[in-house]
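**Student:** Got a predicted model here, sequence first, then my questions.
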Amino acid sequence: MKRNNSMLFVLLIVSLCLILAVNVVGAPKKYVIGFSQIGAESGWRTAETESVKSTAAERGIELKFADAQQKQENQIKALRSFIAQKVDGILLAPVVESGWEEVLQEAKDAKIPVVLLDRGINVKDDSLYVCKITSDFIWEGKAAGEWLAKKMKSKANIAELQGTPGASAAIERKKGFEQAIAKFKGMKIVKSQTGNFTRAEGKQVMEAFLKADKTINAVYAHNDDMALGAIQAIEEAGKKPGKDIIIISIDGVKAAFEAMVAGKLNCTVECNPLLGPIGFDTLIGAINGKTYPKWVVQKDGVFSMETAAKVLPTRKY
Ligand code: AHR
């Protein structure tokens with residue numbers, strides 16, 4: 001009996017020491033992060049969501065995920081709910097550039113850092129967010145314009161499928177493209193309308209373009225999904241995409257590489273969606289007092305039909 005008691009006593013002491021050790025050394029902090037995602041409008045966005053979710057799971061981060069279904073008001077609601085839940089930090093993929101001041105001020109007042117993922121915003125006070133982690137959309141638009149001008153020997157009647165109105169990705173991709181083609185008198189945008197970054201709307205808009213203008217011989221789509229929709233519309237109109245009509249788009253998703261291998265898409269300008277690791281590195285750094293340049297820019301490449309078959313097997317998204 002006496003021996004049992006002393007065994008119990010030893011066990012008790014050992015457990016107490018263990019509890020003490022964990023408290024002194026400190027168990028790793030489990031971060032709670034809110035992620036306000038725009039929606040699921042494109043293959044690119046699905047890849048980004050997957051990158052954020054899988055990185056959170058790998059790193060033991062508790063992720064509160066909110067899909068805004070393309071609506072800014074839903075993103076604002078999500079941000080307010082994250083603030084009320086006292087999350088440690090917020091990742092925000094902003095659907096449009098404007099209208100963020102009030103809610104970001106609320107996050108700042110609550111001392112919750114916000115990192116912008118994949119799109120930028122337009123606010124006077126840039127201390128409202130840590131930084132934006134995005135590709136250079138102007139560069140992407142320019143690269144697309146330069147590639148197309150070369151391919152078309154400086155003469156084309158271009159149909160432009162724009163992204164979501166008010167989105168930095170749409171505004172800047174348009175700007176960069178226009179800057180590049182301005183150098184060539186023969187490069188004309190004859191039709192331009194939003195397809196909201198979706199395949200269905202890209203198809204619908206392209207159908208209308210083809211009916212209204214028989215001179216179109218090139219397409220510039222602000223993302224791959226709209227280009228893939230346009231390809232369907234062109235085929236249904238009895239023309240050969242990639243031959244009768246030259247097509248360039250932006251993103252570089254696997255489906256675009258498949259379309260290039262099939263000879264239906266001519267070129268895609270890459271835009272990296274795998275932002276989970278850098279997003280969490282930056283946000284957790286900021287939570288712990290680190291500072292960052294306001295723009296953490298992602299480097300991308302240009303891939304044409306000729307190299308697609310070689311690249312496709314190693315494409316990650
Ligand atoms: O903000 C990045 C853009 O948004 C991607 O090009 C597009 O596919 C997405 O929906």
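**Tutor:** Everything's here; your move.
**Student:** burial count for Ala256?
**Tutor:** The number of residues packed near Ala256 is 31, by other Cβ atoms under 10 Å. Every C-beta, even on glycine, is put in place using the N, C-alpha and C of the backbone.
**Student:** was I right about it contacting Asn223?
**Tutor:** No. Here Ala256 does not reach Asn223: they are 9.1 Å apart, not a contact under Cβ atoms under 8 Å.
**Student:** Give me the common contacts of those two.
**Tutor:** Shared contacts of Ala256 and Asn223, defined by Cβ atoms under 8 Å, 6 or more residues apart in numbering, comprise Ser249.
**Student:** need the strands for the stretch 51-200 of the chain, in chain order.
**Tutor:** Taking DSSP state E, counting those that start in this stretch to define them, one finds strands in the stretch 51-200 of the chain at 62-67, 89-92, 114-117, 132-135, 156-162, 187-194.
**Student:** phi, psi of the most centrally placed residue in the chain?
**Tutor:** Central residue of the chain (Cα atoms, centre = their mean): Asp118, 4.2 Å from the mean position. When read as degrees, to the nearest 10, the backbone of Asp118 gives phi 70, psi -20.
**Student:** In this model Ala93 seems to touch it, though I could be wrong.
**Tutor:** Yes. If you go by Cβ under 8 Å, Asp118 and Ala93 touch, sitting 5.1 Å apart.
**Student:** Find the residues that touch each one of the two.
**Tutor:** When contacts are counted by Cβ under 8 Å, 6+ apart, Asp118 and Ala93 are jointly contacted by Glu48.
**Student:** Which strand residues bridge the closest residue in space to Ala156 that isn't next to it in sequence?
**Tutor:** Setting aside the residues directly before and after it, Ala156 is nearest to Ala218 in space (Cβ to Cβ, 6 or more residues apart in numbering), at 4.2 Å. Beta-bridge pairing of Ala218 under DSSP bridges involves Ile158, Ile246.
**Student:** Show the pLDDT at Ala218.
**Tutor:** For Ala218, the pLDDT comes out at 99.
**Student:** And the nearest residue to Lys132 once chain neighbours are set aside, what's its pLDDT?
**Tutor:** Residue nearest to Lys132 in three dimensions, not counting chain neighbours: Leu116, with 4.0 Å by Cβ to Cβ, 6+ apart. Note for Leu116: predicted pLDDT of 98.
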